[in-house]
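Visitor: my questions are about this predicted structure, shown below with the sequence.
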Amino acid sequence: MKIKHITDTGKFIEIIDSCSGKVELYTGEGDCLNLKSKLSQYVSLAGILADEEMKDLELIVYEEADKKRLEVFLAGCE
């Protein structure tokens, strides 16, 4: 699923942490970030999500229940 804008990064990370399966973020440059990793969250995610024009970011969620939870959250960010 594409990410366009995140208004509450704290809540976003909270939802990621509650996911039971893998959650990965792919950037337009081809980087893959494991969002279940605290290192990725604190070092990489803050800079990426602070950018108001998040272009070419794709969230890959492996568990259906996790995907639904994230879709609801992201729908509220539009």
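Guide: Looks like it came in fine. Numbers count the residues shown, from 1 in each chain.

Visitor: could you list the buried residues of stretch 16-27?
Guide: Going by neighbour count (16 or more other C-beta atoms under 10 Å), the buried part of stretch 16-27 is 16, 19, 23, 25. Quick note: C-beta positions are derived from backbone N, CA and C, even for glycine.

Visitor: now stretch 57-69
Guide: Applying 16+ other C-beta under 10 Å to stretch 57-69 flags 57, 59, 61, 66-67, 69 as buried.

Visitor: and the least confident of the residues you listed?
Guide: Looking at those by pLDDT, the weakest one is L57, with 84.

Visitor: spatially, what comes nearest to that residue if we skip its sequence neighbours?
Guide: Leaving aside its chain neighbours, L57 sits nearest to I3 (4.4 Å; criterion: C-beta to C-beta, 6 or more residues apart in numbering).

Visitor: next up, the contacts around that neighbour.
Guide: 25, 54, 57-59, 74 (C-beta atoms under 8 Å, 6 or more residues apart in numbering).
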